[in-house]
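K.L.:
Predicted model and sequence follow; I will ask about them next.
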Amino acid sequence: IHAHNQNRILIFRRWDKRGDFLVVMSLNNHSFMDGYYISHPIFGDGLWREILNSDAKIYNGTNLGNSSALIPARWNQLKILIPANSILIFRKQM
């Protein structure tokens, strides 16, 4: 649903009977600590929760991320923190 060559970000969606998932991959050597905005109609005005962060402490990372918080989408737009060289997975909350 999103690919940005200059920022080196790739985002795609997966879904099954358990829910709607968003996979965010950063190949950038720098973090987006002030947040990264993504716009797409699938976001609607829902809530998304980070369920995996490859930069978490348990993986010996810097622990930069969204801390499993509920992140609100507004007007089809989502703002998330993205660590450098990482994979994040979010699940839409009902």
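P.N.:
Happy to help now that I have it.
K.L.:
and the most far-flung residue of the chain relative to its centre, what pLDDT?
P.N.:
Largest separation from the mean C-alpha position in the chain: K17, at 20.4 Å (Cα atoms, centre = their mean). Note for K17: predicted pLDDT of 90.
K.L.:
Ok, the one 4 residues further on next?
P.N.:
At F21, the pLDDT value in this model is 93.
K.L.:
Output the lowest mean pLDDT helix or strand found in the protein.
P.N.:
strand 2-4 (a mean of 85; mean pLDDT, DSSP states H and E).
K.L.:
Walk me through which strands the helix or strand that it is followed by pairs with, and which way each runs.
P.N.:
Downstream of strand 2-4, the first helix or strand assigned by DSSP states H and E is strand 9-16. Partner strands for strand 9-16, per DSSP bridges, with pairing direction: strand 2-4 (antiparallel), strand 19-26 (antiparallel).
K.L.:
Ramachandran angles for the residue lying closest to L27 once chain neighbours are set aside?
P.N.:
Nearest-residue entry for L27: R8, 4.1 Å, with adjacent residues in sequence omitted and distances by Cβ to Cβ, 6 or more residues apart in numbering. Using the backbone N, CA and C atoms, a C-beta is placed for each residue, glycine as well. Main-chain dihedrals, R8, degrees, to the nearest 10: phi 60, psi 50.
K.L.:
Let me know the distance separating the residue nearest to S67 when sequence neighbours are not counted from Q93.
P.N.:
Counting by Cβ to Cβ, 6+ apart, E50 is the residue found nearest to S67 once chain neighbours are left out, at 7.2 Å. For E50, the distance to Q93 (Cβ to Cβ, to the nearest Å) stands at 11 Å.
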